[in-house]
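Peer 1: got a predicted model here, sequence first, then my questions.
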Amino acid sequence: MAIILGDNQYGKAESRVVRIYRDGSRHEIRDINVSTALRGPFAPAHLEGDQSNVLPTDTQKNTAYAFAKSHGIESIEQFGLALARHFVGAIEPVEGARVEVEEYAWTRALVDGQEHDHTWTRTGAEVRTAAVTVDSSGEHVIGGLKDLVLLKSTGSEFAGFLEDDFTTLQETHDRVMATSLNAKWRFGAVSEASAADVPWDEIYAGVKAIMVKQFATLQSLALQQTLWHMGKAVLEAYPFIAEIRLSAPNKHHFMVDLEPFGMDNPGEVFFAADRPYGLIQATILRDDVPLAPEAWRSAAGLA
Ligand SMILES: O=c1[nH]c(=O)c2[nH]c(=O)[nH]c2[nH]1
């Protein structure tokens with residue numbers, strides 16, 4: 001029996017980069033959180049303390065800041081691709097790079113009814129995400145969002161479910177449905193030429209709008225069915241998206257019994273429970289596109 005070093009990678013997690021574009025009096029802002037990870041012949045660093053192949057995580061952080069200036073942040077997908085390509089292409093020992101980026105949205109402040117040139121309020125909505133992998137298997141881009149909180153006050157049912165001795169849940173044909181959606185969509189092959197022209201921001205807005213529309217308009221028989229329709233509609237609209245993975249906590253809203261107070265409650269007052277929650281997860285994909293496990297590998301089997 002021998003003890004061996006398995007999968008490993010290293011990098012700088014969560015470098016917070018704020019890029020201001022100040023060409024003229026009307027500024028623009030992009031606010032991101034960048035995590036880089038490098039893969040390659042880094043066993044000697046673990047086994048012997050030999051740093052000769054190790055580009056410090058501090059340097060990786062500096063590179064993210066320098067690229068924010070030199071390449072700009074047009075979109076987090078473009079920025080992630082630029083960084084990952086740099087680490088693989090310019091740093092000799094590096095065989096693979098994984099760059100994960102979150103983006104926080106800011107909305108221009110309204111001052112006397114006018115959009116202000118250089119003041120914003122942080123938009124409390126979802127966090128946009130991107131995960132880029134560049135390695136010997138090619139280039140992979142996953143766009144996404146997390147914590148998109150959605151609630152509909154009708155148009156949701158849950159009935160006809162399996163019952164056993166432990167079932168107490170009542171059937172319902174009109175309930176509140178709410179979730180905090182996490183979604184990740186994988187783009188099909190990304191070549192260097194095409195990546196420059198991909199309207200990443202537009203696609204992000206489009207995918208989000210489609211998912212919100214499906215959530216709102218489908219007469220839902222279960223959150224599972226809603227997720228299926230969200231994913232299917234995204235793939236129908238965007239032929240270059242190969243698959244989408246959805247994870248949706250079912251944020252339960254329980255009707256409060258107001259009878260002790262002599263009042264009825266026809267779906268007007270709810271207790272919003274924060275836990276436990278149902279957790280519904282699904283991948284919706286094309287059956288004719290190769291799977292790309294490398295695209296999803298985020299860390300050495302770790303978080
Ligand atoms: O949309 C739902 N799916 C379930 O699987 C489930 N289970 C449950 O108790 N409530 C719900 N709601």
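Peer 2: The structure has been received and is ready for your questions. Keep in mind the model is a prediction, meaning the values are calculated, not measured.

Peer 1: alpha carbons only for contacts and neighbour counts from here, please
Peer 2: Noted.

Peer 1: so what's L151 closest to, chain neighbours aside?
Peer 2: Distance criterion C-alpha to C-alpha, 6 or more residues apart in numbering; nearest residue to L151, sequence neighbours excluded, is A178 at 4.0 Å.

Peer 1: which parts of the chain sit against the ligand?
Peer 2: By the rule C-alpha under 6 Å from any ligand atom, the part of the chain lying against the ligand is 158, 222-224.

Peer 1: correct me, but the residue nearest to L151 touches L148?
Peer 2: No. Between A178 and L148 there is no contact, the gap being 10.3 Å when judged by C-alpha atoms under 8 Å.

Peer 1: between the two, which one's more packed in?
Peer 2: The residue with more neighbours, out of A178 and L148, is A178; 21 against 18, by other C-alpha atoms under 10 Å.

Peer 1: quick one: the more buried one and F254, what's the gap?
Peer 2: When distance is defined by C-alpha to C-alpha, to the nearest Å, A178 is 12 Å away from F254.

Peer 1: go on, E102?
Peer 2: E102 sits at a distance of 33 Å from F254 (criterion: C-alpha to C-alpha).

Peer 1: more neighbours, the two?
Peer 2: Each of E102 and F254 had its neighbours counted (other C-alpha under 10 Å), and the higher figure belongs to E102 (21 against 14).

Peer 1: which strand or helix spans the more buried one?
Peer 2: In this structure, E102 sits in strand 96-104 according to DSSP states H and E.

Peer 1: what strands flank the helix or strand following that strand, and is each parallel or antiparallel?
Peer 2: Under the assignment DSSP H and E, the closest C-terminal helix or strand after strand 96-104 is strand 106-111. Looking at strand 106-111 with DSSP bridges, its partner strands are strand 114-122 (antiparallel).

Peer 1: what lines up beside the longest strand seen in the chain in the sheet?
Peer 2: As far as residue count goes, and with DSSP state E defining each element, the longest strand of the chain is strand 138-152. Within its sheet, and counting by DSSP bridges, strand 138-152 is paired with strand 127-135 (antiparallel), strand 177-187 (antiparallel).

Peer 1: got the angle for it vs strand 96-104?
Peer 2: Using axes from the mean of the first three to the mean of the last three C-alpha atoms, to 10 degrees, the inter-axis angle of strand 138-152 relative to strand 96-104 is 30 degrees.

Peer 1: for strand 138-152, which outside residues touch it?
Peer 2: With contact meaning C-alpha atoms under 8 Å, 6 or more residues apart in numbering, strand 138-152 is reached by 77, 81, 125-134, 176-191, 204, 212, 216, 294-295.

Peer 1: ok now that strand, how far from the chain's centre?
Peer 2: 3 Å (C-alpha atoms, centre = their mean, to the nearest Å).
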